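J.: Dropping the sequence and predicted coords here.
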Amino acid sequence: MKKLNEESLTLGVCYYPEHWPEEMWEDDYARMKELGFSYVRMGEFAWSIFEPEEGKFCFDLFDRAVAKAQVFGLKVILGTPTATAPAWVTKKYPDVLNATQDGISYQHGARCHTTYNSETYRELSSIIVTEMAKHYSDNPTVVGWQIDNEINCETNVFYADADHAAFREWAKKKYQTLANLNQAWGTVFWSQTYTNWEQVYLTRKTVPNSPNPHHALDEKRFISDSAFAYVKLQADILREHAPNQWITTNGMFGHLDNHKMTDELLDFYAYDSYPNFGRVIEDSSEKPLRDRKWSWNLSVVRSISPNFAIFEQQSGPGGWVNRLDQPSPKPGQLRLWTYQSIAHGADMILYFRWRTATKGTEIYWHGINDYHNQPNRRVKEIEAVSKEIKQLGKIVGSTYQVEIAYITNYDNSWDGEFDIWHGPFESKSRNAWIKALQYNHVPVDALNFNNETTLEDLSKYKVLVYSHAAIVTKQQAALFEVYVRQGGKVIFGCRSGYKDETGQTYMKALPGYLTDLVGITVEEFTRVAPFEQVPRIKFREFDELEANDFNEVLQLQADVEVLATYTNTYLKGNPALVKHNYGKGTSYYFGGVFNLDLATSLLAELQLNNYHDQFSLPEEVELSIRHKEGKDYIFLLNYSELPQEIFVKEEFTEAVTGTRIMNKVSLKPFDVLVLEP
């Protein structure tokens, strides 16, 4: 697993010298240095600057920008500019353009309008990346490369002619014969059997619009492999021509195995963190997380790269001319969001952007500085953060302290996009668990689970939660059995274990190969219709806990303890939640979709460390812990715009100021404390 290797916590900023008069650069760089910044990221959208005409390369502007950065001791991260193909590319080579599922080609005018599978685009990308790598490989100011920008951003589906052709070859390589493909896709259903490879395409519009689900699952795998291959194309060039500069990419978008990409191609992973989205995305659920939800996103990033970079940390209100309208961060929130990233494993943070653009689609995506370039509140807040983290540099490279992991899986996620019989349940259950863990101050990891996952990977945790593990192979079930037998605890929800890797269902009683581990089979199941009475269950202090969405009747197959039963409807009296002691460990199976109350109550059952012996914390405060050389660094983050009173039961040192802290403490709105023993 790859990680960032910084010597200290470092800050930087995204900068676009091509957007500004050159006479502004020196003042910009000088003020960056005054803010304590070490890095400047640039170039990722400047293909038309680097290659204004095909085969004509021009590095003058960025040579001067890099040289000026060197004067002020700033390190430069260059982006390969392949997310924004110039107009000369799309005009001369229209085959590079992506298309909708209907086959309608996208046009020039925005970004990410090309397809990775166009041989023309791959060749053109190879040329510009090679020229840039050769030109900047020996430049001491250029320390690293960002490949493209936010892979699979804007769209994560591709249906151009080149994609259909590439998918056909991908399927040939994977299945070898049409007989194997027909078996994997279950094409005997509805007479979909293929008799010639030329009949095989990516999914296309059907009547009704419901393509083969097994075909659709493979499509997502193909898109991920296509993106991977495109990143590898560039990474190989950079490794060859710029071997002394590190390589990463940024973002975290759909239909891409970011774990595999990072492990095999990159030096570490970088994420773009915009917690302000949480303030504008409608969330009518109980106790919405809002910007605090980004702590979970950062946990997923940490599962890719334990110590990582933030290449775009939100620094102002965000919006395009026609969408993404986010309010201005309130006083203290930029500091809070910076510490949120650091608390979860970020050792390098670059703010987006230095100054708000005066032209183009993102004229409302504000940076640190406003259009007028005069001092403002955001600049002052980041200046304060920069001074503070100089006192925290010692935590660089530390590990996140955690006892529980929530399992993620690409196959299940991709299958669930199309399958409404398990996909929507996953987001509901995950949100319930993340809220329960956040509000009860239990740190959590994300754990990517696949066929390469080992017992060592699982054994790092006392508890695993895999809410709706629809696709579970015999090998994977056996691994869970060994984990529990040696003392682990695992929790499953409904719709677990009933599919194989193709997305076809087993001819086995549910939950398939998990049956021995959880000690039950599913006698029957049902969805809850909108007009029906909602089933309820009795569990601990909850006499009437709703079991929304989906219900399974559990049939006991072993000596299991029934923890909850249905209390109404025709399900009344049947088991809903069971506990099975298996070897030295325990499994739990809930025949439904988790909600906040149930997840919270199960936490008490699991006996995890929520640090109640050290702190009394309100729900509004997050607790995260980074550990290094035998010492814990405890982050307490207040996400409320109101002061929050906490009680510190042991004496700690506040890591920034050196102040000794104990007993009652008031956290100001959006305030942060970093404590060490």
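T.: Structure received.

J.: which residues are contacting the longest strand along the chain?
T.: Ordering each strand of the chain by length in residues (DSSP state E) puts strand 644-654 first. Under the criterion CB atoms under 8 Å, 6 or more residues apart in numbering, residues 613-618, 620-621, 634, 636, 638, 659-667, 673-677 lie in contact with strand 644-654. From N, CA and C alone the C-beta is placed, and that goes for glycine too.

J.: Neighbouring strands - and their directions - for it?
T.: Here strand 644-654 is paired, per DSSP bridges, with strand 615-616 (antiparallel), strand 660-667 (antiparallel), strand 672-676 (antiparallel).

J.: contacting residues around the second one?
T.: Under the contact criterion CB under 8 Å, 6+ apart, strand 660-667 has outside partners 621, 636, 638, 643-654, 673, 675.

J.: first to last residue in stretch 468-487, what's the distance?
T.: 22 Å (CA to CA, to the nearest Å).

J.: Quick one: distance of it to the chain centre.
T.: Centroid separation for stretch 468-487 versus its chain: 24 Å, with CA atoms, centre = their mean, to the nearest Å.

J.: same thing with stretch 662-672?
T.: Stretch 662-672 has its C-alpha centroid displaced from the chain centroid by 30 Å (CA atoms, centre = their mean).

J.: Extract the C-alpha set from that stretch and format it as CSV.
T.: Output in CSV follows, covering the C-alpha atoms of stretch 662-672 (Å, rounded to 0.1, in the frame of the first residue of the first chain):
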residue,chain,number,x,y,z
MET,A,662,-8.0,19.2,31.8
ASN,A,663,-11.6,19.3,33.0
LYS,A,664,-14.2,21.5,31.3
VAL,A,665,-13.2,23.1,27.9
SER,A,666,-15.4,25.1,25.6
LEU,A,667,-14.8,24.7,21.9
LYS,A,668,-15.6,27.7,19.8
PRO,A,669,-17.8,27.3,16.7
PHE,A,670,-15.9,25.2,14.1
ASP,A,671,-12.9,25.0,16.5
VAL,A,672,-10.3,22.3,16.7
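
J.: Name the nearest residue to residue 216, ignoring sequence neighbours.
T.: Excluding the flanking residues, the one nearest residue 216 by CB to CB, 6 or more residues apart in numbering is residue 418, at 4.8 Å.

J.: One more: residue 333?
T.: Nearest non-adjacent residue to residue 333 (CB to CB, 6+ apart): residue 670, at 5.2 Å.

J.: In this structure the one you found contacts residue 642, no?
T.: No. With contact defined as CB atoms under 8 Å, residue 670 does not reach residue 642; the gap is 9.8 Å.

J.: rewinding a little: which among the strands paired with strand 644-654 is found nearest to residue 98?
T.: Taking CB to CB, strand 672-676 is the member of these nearest to residue 98, at 42.1 Å.

J.: Just the residues contacting the closest one, thanks.
T.: 335-336, 339, 392, 631-638, 648, 652-656, 661, 665, 667.

J.: same thing with stretch 525-534?
T.: The contact list for stretch 525-534 (CB under 8 Å, 6+ apart) reads 494, 510, 535, 546-553, 568-569, 591.

J.: Now do the helix or strand containing residue 217, average pLDDT.
T.: With elements taken from DSSP states H and E, the one containing residue 217 is helix 213-241. The pLDDT scores in helix 213-241 average 98.

J.: continuing past it, what's the next helix or strand?
T.: Following helix 213-241 toward the C-terminus (DSSP H and E): strand 246-248.

J.: how far does that following strand sit from the chain's center?
T.: With CA atoms, centre = their mean, you get 19 Å for strand 246-248.

J.: the more surrounded of residue 670 and residue 642?
T.: Counted by other CB atoms under 10 Å, residue 670 and residue 642 do not tie: residue 670 has more neighbours, with 23 against 11.

J.: and that one, what does it touch?
T.: Going by CB under 8 Å, 6+ apart, residue 670 touches 330, 331, 332, 333, 335, 336, 638, 639, 640, 641.

J.: okay, now the residue nearest to the first one when sequence neighbours are not counted: neighbour count?
T.: Just to be clear, that refers to residue 330. Excluding the flanking residues, the one nearest residue 330 by CB to CB, 6+ apart is residue 641, at 6.2 Å. Residues lying near residue 641 (other CB under 10 Å) number 13.

J.: isn't residue 641 right next to residue 329, touching?
T.: No. At 11.2 Å, residue 641 and residue 329 do not qualify as touching, with contact defined as CB under 8 Å.

J.: in the chain, which ranges drop under the pLDDT threshold?
T.: Scanning the chain with the threshold set as pLDDT under 70 gives 542.

J.: the domain parsing of it - what is it?
T.: Annotated domains of the chain cover 10-156+224-394, 404-606, 615-676 [automatic domain parsing].

J.: and the shortest one, how far out from the chain's middle?
T.: Distance of domain 615-676 from its chain centroid, counting by CA atoms, centre = their mean, is 26 Å.

J.: try the second one
T.: From the chain centre to the centre of domain 404-606 is a distance of 22 Å (CA atoms, centre = their mean).

J.: Would you state the helices of the stretch 351-500 of the chain in chain order?
T.: 377-389, 410-418, 423-439, 455-458, 474-485 (DSSP state H, counting those that start in this stretch).

J.: What are the contacting residues of the longest one?
T.: This means helix 423-439. 285-287, 289, 292-293, 295-296, 404, 406, 412-413, 415-417, 442-444, 465, 467-468, 493-495, 549-550, 593-596, 598-600, 602-603, 619, 622.

J.: on that earlier part again, what's the separation between the residue nearest to residue 333 and residue 572?
T.: 47 Å (CB to CB, to the nearest Å).

J.: Residue 400: what's it in contact with?
T.: 302, 306, 344, 345, 443, 445, 624, 625, 626, 627.

J.: ok, 10 Å please
T.: 298-299, 302, 306-307, 343-345, 443-445, 624-627 (CB atoms under 10 Å, 6 or more residues apart in numbering).

J.: Include neighbour count and distance to residue 182 when you put the contacts of stretch 525-534 into JSON lines, please.
T.: As requested, the contacts of stretch 525-534 are arranged in JSON lines below (neighbours: other CB atoms under 10 Å; distance: CB to CB, whole Å):
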{"residue": "494", "neighbour count": "29", "distance to residue 182": "31"}
{"residue": "510", "neighbour count": "22", "distance to residue 182": "26"}
{"residue": "535", "neighbour count": "24", "distance to residue 182": "40"}
{"residue": "546", "neighbour count": "15", "distance to residue 182": "43"}
{"residue": "547", "neighbour count": "29", "distance to residue 182": "39"}
{"residue": "548", "neighbour count": "14", "distance to residue 182": "38"}
{"residue": "549", "neighbour count": "17", "distance to residue 182": "34"}
{"residue": "550", "neighbour count": "22", "distance to residue 182": "31"}
{"residue": "551", "neighbour count": "23", "distance to residue 182": "35"}
{"residue": "552", "neighbour count": "27", "distance to residue 182": "32"}
{"residue": "553", "neighbour count": "18", "distance to residue 182": "35"}
{"residue": "568", "neighbour count": "14", "distance to residue 182": "46"}
{"residue": "569", "neighbour count": "16", "distance to residue 182": "42"}
{"residue": "591", "neighbour count": "30", "distance to residue 182": "34"}
